[in-house]
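[1] Let me see the structure of the following:
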Amino acid sequence: MNYFGLRPLALGIGAVFFLGACTPGSETSPTTMSKSQLSELPNAPYASQREHEFSHHGITVSDPWNWLRDSDYPTVDDQDVLDYLNAENAYFQSWLQPQAALTDTLFEEFKGRLDESESSVPWVSNGYEYSWVYEEGEEYRTYLRRDLSDPEAQAEVFLDQPGLAESYEYFVMGGYSVSDDNRYLAYSFDTSGDERYTVRVKDLVSGEYLDDVITDTNGSAQFMKDGSLVYGLLEEGKWRTQSINRYELDSNASTVLLVESDDSFFLGFGSSSDGEYLLLGSGQGAVSEYYALSQNNLTAKPMLLASRSEGFSYTVDHAHGDFWILANDQHVNFRMAKVADTNPSYENWETVIAGSDAVYLRSFQPFNDFIAIKQSVNGLEQIHVNGYDGSSHEIVFPEDVFTASIGNNPEFDQRHLRLSYSSMVTPSTVFDYQLDEQSLETRKVADIPSGYDKSRYETKRLMITARDGAEVPVSMLYLKGTELDGSNPLHLYGYGAYGSGMSPRFSTTNLSLVDRGVIYAIAHVRGGDEMGYQWYLDGKLEKRTNTFNDFIDVARGLIAQNYTAAGNISSSGRSAGGELMGAVVVQAPELWSSVILGVPFVDVLNTMLDATLPLTPPEWSEWGNPIEDKAAFELLQSYSPYDNIEARDYPSMLVTGGLNDPRVTYWEPAKWTAAMRHYKTDDNLLMMRMNMGAGHFANSGRYGRLRDYAEEYTFILMSHGITE
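    Here you go, the predicted structure:
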């Protein structure tokens, strides 16, 4: 049984507000003030300017805060750099401490909506029933299993994550895998946030650890049928998965299964749903390539399914002697094809479901008796069950607008389909769809201990016309009875990159905004894939500015429809969404009351010009290669947020970063903050919170994350004049 996800390293993918577990707050009216309570404090830290210029394509660029990048990176020991980062953290704390009452209130609200003793719905894999549980007060899950062959067997702890984490300030588990004979456990972990995972192997019979320790992995490691362990090895000094290796426990021998020599491609792997094949993938943006290895002969040469080519993206699985494929070769929204595993060459692929303008095929999982397919129509999600005989039906969910995904289904031969479900007003729910009855069985609804009354809230989906005529979806949540008179504070969230859509899902933390009268909205801007794969393509490379225009136009559209007013909109985005925040704050600063830039990719031009950074080459397919292409250089320079700061008034800003972040390096938020503080002409609050012991995903424990959110929500609320 495997619990590893394929995790391509890119400049982000992640929302600024993780889903917690929460309830409505007080029924009393919020205390509001006439203006934002965010003003610059005395003794704000200033980073000195140091002359640094370079020329490219005949264009000279000045970068006076380049010195904030430690020359010894990834080691950061330059005292001037550390002094500046520490000064910014001290400045943030000097603002935060007087707000302790509101921050503590928010934290307790978040925690009150958290089931502190939450447990999973059990699942079955290879003769064992598995589950996980949180103990009250613990930051991490404990994993258990029970032998189904023994009626008297009790569930036993096989992976004690709290125990593993207790010696570390930061601890993230990449995943785990149990061998087919149920004896060995492999798991990966990261203790710094730099996403270089170590793999350990434990004998579950004796309880002893094997001497085998595999370092510098991408976090994925999986047992094969023959007992060997396959893992992804990171390139030395870089964060790119360079090879997929096979490790034999009995001989301690490691062999290479597949190497990727192109610095712009990442490798990943996983077992097919039927367990017959090891699937090896190499990908870059909108390009992918897959190989297959029979689990009965892992020493053979991997079999290529289709060669990579520009714009050709596909995914693959296996069932009943055929490879099943989603591919965009014939239609931008993908077709489903199949091909016999005896001769899987591309020319033999047979279309099963043709591509369609109306239907975007997103993902699928084959089982012994059926294939589950996730798709969307006009941006609304659907899950279909298709039979191998050509039959098909749609699963009917209780709401019209929701997010649903194919859940944890490790068994190939099963007559149910586990699904994850939620909406902006429906807490996270686990369904088992029973194939024989064609009915949904509710297995779990997220418990909100402090209470939740769905009837208090209203959710809405709007379409707002962007400046070029594109219709941009907006998902909204607010209290019923809210008067749409233009006076409401509104928080607008956006991402818009890598084809990663922001589904309208339930967030317990956002209730603390809505309960205080703030309208919460998600702008589904281009760059994501909410409206189909073309929606993603229309927000990258030479079309990247569509993403920024969409977000600004959504804000203006909401103002025009009297949901809010200019200067009463807070906004946030994370990683590539932080780039979005940087772009919209320099292009339309008058719209925002405050902006949170979470681990923001704001130094776009400099990063894309530096091929020595391990994650730059893979990103050229998303942003363009300014080293070789003058047009790409000029485009990036025209919108790169850091390069477009000028002397003018800006809204209040909170910028976050992680010292060990390999995706968006710490100096990007640091340089942005330094430049913004130098140029801005207002007295609005500008702060940076740099986590000195974490990476891209900040605090690793659930309570630590809630504390981070409480600080961020304090900032948002105070920007709207809400102080309790």
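[2] most residues in a single strand of this structure, which one?
    Secondary structure of the chain per DSSP state E: the longest strand is strand 209-223.
[3] next SSE after it?
    strand 229-234 (DSSP states H and E).
[4] neighbouring strands for that following strand, and are they parallel or not?
    Each strand paired with strand 229-234, and its direction, by DSSP bridges: strand 209-223 (antiparallel), strand 241-248 (antiparallel).
[5] and those as JSON lines, adding mean neighbour count?
    Heads up, the C-betas are built off the backbone N, CA and C, glycines and all. Output for the strands paired with strand 229-234, formatted as JSON lines (neighbours: other CB atoms under 10 Å):
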{"stretch": "strand 209-223", "mean neighbour count": "19"}
{"stretch": "strand 241-248", "mean neighbour count": "21"}
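[6] Would you mind giving those strands as TSV with distance to Ser117 added?
    TSV is the format used below for those (distance: least, CB to CB, whole Å):
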stretch	distance to Ser117
strand 209-223	28
strand 241-248	37
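[7] Mind putting those strands into JSON lines with mean pLDDT and distance to Gln438?
    Converted to JSON lines, the strands paired with strand 229-234 look like this (pLDDT from 0 to 100; distance: least, CB to CB, whole Å):
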{"stretch": "strand 209-223", "mean pLDDT": "92", "distance to Gln438": "33"}
{"stretch": "strand 241-248", "mean pLDDT": "93", "distance to Gln438": "40"}
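[8] of all those strands, which lies closest to His56?
    strand 241-248 (28.2 Å; CB to CB).
[9] Which residues does the closest one contact?
    Residues from elsewhere that reach strand 241-248, judged by CB atoms under 8 Å, 6 or more residues apart in numbering: 9, 212, 214, 218, 224, 227-235, 253-260, 266-269, 280, 298.
[10] Recalculate using a threshold of 7 Å.
    With contact meaning CB atoms under 7 Å, 6 or more residues apart in numbering, strand 241-248 is reached by 214, 218, 228-235, 254-260, 266-269, 280, 298.
[11] next structured bit after it?
    According to DSSP H and E, the helix or strand after strand 241-248 is strand 253-259.
[12] Could you figure out how far the longest strand of the chain is turned away from strand 253-259?
    20 degrees (axes from the mean of the first three to the mean of the last three CA atoms, to 10 degrees).
[13] now the farthest one out in the chain, which residue is it?
    Relative to the average C-alpha location in the chain, and by CA atoms, centre = their mean, no residue lies farther out than Glu152, which sits at 41.1 Å.
[14] Quick check: the gap between that one and Val178.
    Using CB to CB, to the nearest Å, Glu152 is found at 21 Å from Val178.
[15] swap in Ser62?
    Ser62 is 56 Å from Val178, where distance means CB to CB.
[16] Look at the two and report which has more neighbours.
    It is Val178, of Ser62 and Val178, that has more neighbours when counted by other CB atoms under 10 Å, with 24 against 11.
[17] looking at it, that one is touching Leu185, isn't it?
    Yes - the criterion here is CB atoms under 7 Å, and Val178 meets it with Leu185 at 5.6 Å.
[18] coming back round to it: buried ones among the contacts of strand 241-248?
    If you count burial by 16 or more other CB atoms under 10 Å, the buried members of the contacts of strand 241-248 come out as 214, 218, 228-234, 254, 257-258, 260, 266-269, 280, 298.
[19] For Thr198, list the residues it contacts.
    Counting by CB under 7 Å, 6+ apart, Thr198 touches 188-189, 213-215.
[20] ok so Met653 is a helix residue?
    No - counting by DSSP: H, G, I helix; E, B strand; the rest coil, one finds Met653 to be strand, located in no helix.
[21] In terms of pLDDT, where does it sit?
    pLDDT for Met653: 98.
[22] Distance of it relative to Thr607?
    20 Å.
[23] Those two - which one has more neighbours?
    Using other CB under 10 Å as the criterion, Met653 and Thr607 rank with Met653 on top: 28 against 23.
[24] which stretches of the stretch 101-250 of the chain form strands?
    Here the stretch 101-250 of the chain has its strands, by DSSP state E, counting those that start in this stretch, at 123-125, 128-133, 142-147, 156-160, 172-178, 184-190, 197-203, 209-223, 229-234, 241-248.
[25] What separation is there between the spatially closest residue to Asp216 that is not a sequence neighbour and Leu615?
    Closest residue in space to Asp216, ignoring its immediate chain neighbours: Leu234 at 4.8 Å, by CB to CB, 6 or more residues apart in numbering. Separation of Leu234 from Leu615 (CB to CB): 11 Å.
[26] returning to that earlier point: just give me the closest of the contacts of Thr198 to Ser570.
    Nearest to Ser570 among these: Phe189, at 35.7 Å, using CB to CB.
[27] List the contacts of that closest one.
    Taking CB under 7 Å, 6+ apart, one finds 164, 171-174, 197-198 in contact with Phe189.
[28] and of these, the nearest to Met424?
    Of the contacts of Phe189, the one sitting nearest to Met424 (CB to CB) turns out to be Val172, at 28.1 Å.
[29] wait, doesn't that closest one sit right on Ser188?
    No - Val172 lies out of contact with Ser188 (CB under 7 Å); the separation is 9.2 Å.
[30] Quickly list what the closest residue in space to Leu686 that isn't next to it in sequence is bridged to.
    Distance criterion CB to CB, 6+ apart; nearest residue to Leu686, sequence neighbours excluded, is Met653 at 5.1 Å. For Met653, the beta-bridge partners are Val595, Leu686 (DSSP bridges).
[31] picking up where we left off before, nearest to Arg415, of the strands paired with strand 229-234?
    Once the strands paired with strand 229-234 are compared by CB to CB, strand 209-223 is nearest, at 26.0 Å.
[32] quick check: angle from that closest one to strand 172-178?
    Using the same axes, to 10 degrees, strand 209-223 lies at 90 degrees relative to strand 172-178.
[33] so strand 209-223 versus strand 184-190, what angle?
    Using the same axes, to 10 degrees: strand 209-223 against strand 184-190 is 90 degrees.
[34] quick revisit: I'd like the strands of the stretch 101-250 of the chain laid out as TSV, including distance to Ala523.
    Below are the strands of the stretch 101-250 of the chain laid out as TSV (distance: least, CB to CB, whole Å):
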stretch	distance to Ala523
strand 123-125	36
strand 128-133	34
strand 142-147	38
strand 156-160	39
strand 172-178	30
strand 184-190	32
strand 197-203	34
strand 209-223	31
strand 229-234	34
strand 241-248	33
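[35] Can you give me the first-to-last residue distance of stretch 157-171?
    Stretch 157-171 stretches 19 Å from its first residue to its last (CA to CA, to the nearest Å).
[36] With stretch 618-631 instead?
    Length of stretch 618-631, first residue to last, CA to CA: 19 Å.
[37] Next, the buried residues of it.
    For stretch 618-631, a neighbour-count test (16+ other CB under 10 Å) marks 618-627 as buried.
[38] Excluding its own residues, what touches it? List them.
    10-11, 57, 240, 264-266, 284-287, 498, 540-541, 544, 604-605, 608-609, 611, 632-633, 635-636.
[39] and Glu88, that one's in a helix?
    Yes - assessed by three-state DSSP, Glu88 belongs to a helix.
[40] isn't it right up against Pro45?
    Yes - with contacts counted by CB under 7 Å, Glu88 reaches Pro45, the gap being 5.5 Å.
[41] Compare these two (neighbour count), which wins?
    The residue with more neighbours, out of Glu88 and Pro45, is Glu88; 25 against 18, by other CB under 10 Å.
[42] Once you drop chain neighbours, what's closest to that one?
    According to CB to CB, 6+ apart, the nearest residue to Glu88 is Met688 (4.3 Å).
[43] what helix or strand is the one you found on?
    strand 686-691.
[44] Buried residues in the following helix or strand past that strand, which are they?
    Next along the chain after strand 686-691, taking DSSP H and E as the criterion, comes helix 702-719. By 16+ other CB under 10 Å, the buried positions in helix 702-719 come out as 702-719.
[45] Would you map the strands across the stretch 551-700 of the chain?
    569-574, 592-598, 652-658, 686-691.
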